[in-house]
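1. Predicted coordinates and the sequence they were generated for:
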Amino acid sequence: MTITSHPTILNHLVEQQSAHLDNVFHALADPTRRAMLASLAQGEHTVTELAEPFRMSLAAASKHVKTLERAGLVRRTVQGRTHVCRLDPGPLAEAHEWLRFYERFWNERLDALAALLTSPHKETP
């Protein structure tokens, strides 16, 4: 028996992937979190460093980091009283793959439209 031949297992996997993508897109929906990810793409930062450009409290920054963690986009380690964050790009790659399906979908339709618009038309009498 393969996973794809068992509908219950397949449905569970699809739901699990959907929930994971929901978390990723929710995390990316906020401009502050996107800016935090951009900072983390340059290297590790503490929560304090992530909060600094926004002049927000550590509690508010921590909430943003928790949302990014829930999506799997950030890994946090505790060194004494300091929380150090690093980017985990894996979920971004998964979201990109999901979006690529729709990119192919629209490219195919736009190519078909372009072909239709550039093809010679037969005039009707």
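-> The structure has been received and is ready for your questions. Numbering: from 1, shown residues only.

2. wait, S62 sits on V47?
-> Yes - with contacts counted by Cβ atoms under 8 Å, S62 reaches V47, the gap being 5.7 Å. Placement of C-beta: from N, CA and C, glycine included.

3. any residues in contact with both of the two?
-> Here S62 and V47 have H83 as joint contacts, going by Cβ atoms under 8 Å, 6 or more residues apart in numbering.

4. And for R33, the neighbour number?
-> Neighbour count for R33, taken as other Cβ atoms under 10 Å: 21.

5. mind checking which helix or strand it is in?
-> Using DSSP states H and E, R33 falls within helix 31-41.

6. just how off-centre is that helix within its chain?
-> How far helix 31-41 lies from its chain's middle: 12 Å, per Cα atoms, centre = their mean, to the nearest Å.

7. which other helices and strands contact it?
-> Packed against helix 31-41 by the contact rule (3 or more Cβ pairs under 8 Å, 6 or more residues apart in numbering; DSSP states H and E) you find helix 7-28, helix 47-51, helix 58-70, strand 74-79, strand 82-87.

8. Dump the C-alpha coordinates for that helix into CSV.
-> Output of helix 31-41 as CSV, limited to C-alpha atoms (Å, rounded to 0.1, in the frame of the first residue of the first chain):
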residue,chain,number,x,y,z
PRO,A,31,5.7,43.8,7.2
THR,A,32,7.5,43.8,10.5
ARG,A,33,8.0,40.1,10.4
ARG,A,34,9.2,40.3,6.8
ALA,A,35,11.7,43.0,7.8
MET,A,36,12.9,40.7,10.7
LEU,A,37,13.4,37.9,8.2
ALA,A,38,15.4,40.2,5.9
SER,A,39,17.6,41.1,8.9
LEU,A,40,18.0,37.4,9.8
ALA,A,41,19.0,36.6,6.2
